[in-house]
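Enquirer: Quick one, structure for this:
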Amino acid sequence: NIGPWFDVRLFPNPVNPPELVFTAVGRQYEGGPAVSVPFDEFTPNPDVMVRQQGKERWEAISVHPILATTPTSAAFRGVYTVDQSLIGHVDFTIEGEDTAGRRARRAFTINVVDALAREGVLFWGAEPGSHVAIPPLALQADTLLYALKERNGPPIPEGAEGPELIAVKPLGWFLPSDKPLVKEASVYASLPSELPCKESQVGVYRWTGSRWEMCPTVSSGKGLTGSTKNLGAFALMADMMAPRLSDPYPASKDEEVSRRPELSVAVDELGAGVNPSHVSFVIDGTGYLGTYDEASKRVVYTPEKVLAAGEHEVSVVVADNAGNKSTAMSMSFLSAKAISVLSAIAYPNPARTYTTVRYNLSQTADNVRIRFYDVSGARVRTINTGPLPAGVHDTRWNLDNGRGRTIANGVYLYRVEATGADGTRGRA
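Expert: Prediction:
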């Protein structure tokens with residue numbers, strides 16, 4: 001087919017939902033991918049006819065060229081206002097002819113429902129075997145709802161070799177999609193008689209504007225039901241690829257970390273999404289449930305208890321919501337010895353107006369606490385430093401009790417206690 005054809009979109013006016021904005025772009029094949037047809041190739045403007053259920057005659061829509069955004073393409077727009085007293089399906093046709101005399105014709109149907117927010121609605125899609133069940137009080141207000149076929153919506157991935165997702169069945173486009181629902185709606189789709197994969201790999205997906213995202217999906221008789229708080233384009237998709245793991249931390253078995261390290265692995269998963277209930281960290285043969293951080297795209301686990309000093313082996317496995325399990329990623333690391341205060345000394349000593357305690361930390365500390373006592377064992381002052389790196393540090397004491405009073409002359413004792421990031425403590 002080297003003749004022209006029309007790429008068509010319909011959008012409900014968000015201010016006035018009964019008003020449908022109609023756009024069409026003329027395209028053609030020239031022995032390769034579709035390209036936009038130059039504007040002057042369509043003369044005059046194409047004819048657009050509409051017939052709403054309950055009306056006998058077709059109505060013509062006034063069509064105008066779109067010049068501001070695409071001056072070199074055959075782009076047109078028009079508006080049709082739905083008669084709310086005749087709810088049902090609306091048929092559209094668009095016909096045009098290029099300068100070579102080749103005609104293009106496009107016909108399609110949309111379903112229309114007048115939905116009352118207090119009652120909810122069971123809304124059948126334009127594609128067979130699909131519907132959306134919207135519960136009472138889920139809509140923000142009474143409105144018209146529209147169902148369009150898949151071809152009026154976003155692209156659905158082809159079943160090319162090695163994709164993350166393959167299309168199983170388009171479900172159509174349910175509009176308006178710009179107003180979130182107050183309660184979750186159910187999107188039902190019957191399953192085809194033949195599937196290209198296991199049924200567990202198939203789910204209900206919604207187009208977010210940039211990617212297809214899986215809705216929480218459960219099996220319902222001979223079909224699947226997905227939950228969503230947003231209308232839009234839906235499709236049955238199959239996730240054919242397990243999550244891919246990379247970039248582990250710690251990265252090397254020679255790397256020494258704390259005894260309660262934050263273990264993490266990067267996850268590449270663009271299909272059904274990571275299943276948070278199937279993030280497994282196995283440390284020295286014992287399994288633990290990790291978490292998935294959506295922002296960083298990493299799975300993470302921090303041991304609840306302090307690990308023994310020495311080498312540890314870790315294996316990580318992640319599954320997606322379609323049940324695909326990743327290949328196990330193994331890593332090893334050295335757990336550092338418990339934190340210790342290697343030395344501590346106070347100077348000047350004897351002190352007249354202040355003294356400085358100098359101490360050496362074996363590793364990074366979350367906090368260092370220095371307590372001062374009199375000879376009877378009563379504590380006279382406590383100083384907390386907050387986090388400090390490994391190495392030598394100085395903390396000054398102005399010989400006060402912390403409440404503005406200078407201490408009496410005499411002999412005083414002090415103790416330095418460091419708390420490591422792993423919860424271990426060292427004292428001097």
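
Enquirer: what ranges of the chain fall below the confidence cut-off?
Expert: Low-confidence segments of the chain (pLDDT under 70): 1-3, 29-44, 67-73, 126, 150-163.

Enquirer: Geometric centre of it: which residue is closest?
Expert: residue 294 (6.1 Å; C-alpha atoms, centre = their mean).

Enquirer: any idea how far residue 274 is from it?
Expert: For residue 294, the distance to residue 274 (C-beta to C-beta, to the nearest Å) stands at 8 Å. C-beta: built from backbone N, CA, C; applies to glycine.

Enquirer: Likewise for residue 189?
Expert: Remark: distance between residue 189 and residue 274 (C-beta to C-beta) = 23 Å.

Enquirer: So for the two, which residue has more residues nearby?
Expert: Neighbours of residue 189 and residue 274, each counted by other C-beta atoms under 10 Å, are more numerous for residue 189; the result is 28 against 22.

Enquirer: Helix, strand, or coil at that one?
Expert: Secondary structure assignment for residue 189 (DSSP: H, G, I helix; E, B strand; the rest coil): strand.

Enquirer: how deep is the nearest residue to residue 113 once chain neighbours are set aside tucked in, by neighbour count?
Expert: If the residues on either side of it in the chain are set aside, residue 113 comes closest to residue 145, at 4.6 Å by C-beta to C-beta, 6 or more residues apart in numbering. Under the neighbour criterion other C-beta under 10 Å, residue 145 is assigned a count of 21.

Enquirer: could you pull out the strands for the stretch 1-150 of the chain?
Expert: Ranges of strands in the stretch 1-150 of the chain, per DSSP state E, counting those that start in this stretch, are 4-12, 19-29, 34-36, 47-52, 59-61, 64-65, 75-81, 89-97, 103-115, 121-124, 130-134, 143-148.

Enquirer: could you dump those to CSV with distance to residue 312?
Expert: Formatted as CSV, the entries for the strands of the stretch 1-150 of the chain read as follows, by distance: least, C-beta to C-beta, whole Å:
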stretch, distance to residue 312
strand 4-12, 56
strand 19-29, 59
strand 34-36, 56
strand 47-52, 69
strand 59-61, 70
strand 64-65, 69
strand 75-81, 62
strand 89-97, 64
strand 103-115, 58
strand 121-124, 55
strand 130-134, 50
strand 143-148, 55
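
Enquirer: Those strands: which one's closest to residue 258?
Expert: strand 130-134 (50.6 Å; C-beta to C-beta).

Enquirer: Which elements pack onto that closest one?
Expert: When contacts are defined as 3 or more C-beta pairs under 8 Å, 6 or more residues apart in numbering; DSSP states H and E, strand 130-134 packs onto strand 121-124, strand 165-175, strand 185-190.

Enquirer: Strand partners (parallel or antiparallel) of that strand?
Expert: strand 121-124 (antiparallel), strand 185-190 (antiparallel) (DSSP bridges).

Enquirer: Point out the most buried one among those.
Expert: strand 185-190 (a mean of 22; mean count of other C-beta atoms under 10 Å).

Enquirer: Heading C-terminal from that strand, find the next helix or strand.
Expert: Sequence-wise, the next helix or strand beyond strand 185-190 is strand 202-207, with elements assigned using DSSP states H and E.

Enquirer: How many residues are close by the spatially closest residue to residue 74 that is not a sequence neighbour?
Expert: In this structure, residue 74 finds its nearest non-sequential neighbour in residue 26, 3.2 Å apart by C-beta to C-beta, 6+ apart. Applying the criterion other C-beta under 10 Å, we find 23 residues in the vicinity of residue 26.

Enquirer: And for residue 137?
Expert: Using other C-beta under 10 Å as the criterion, residue 137 is surrounded by 13 other residues.
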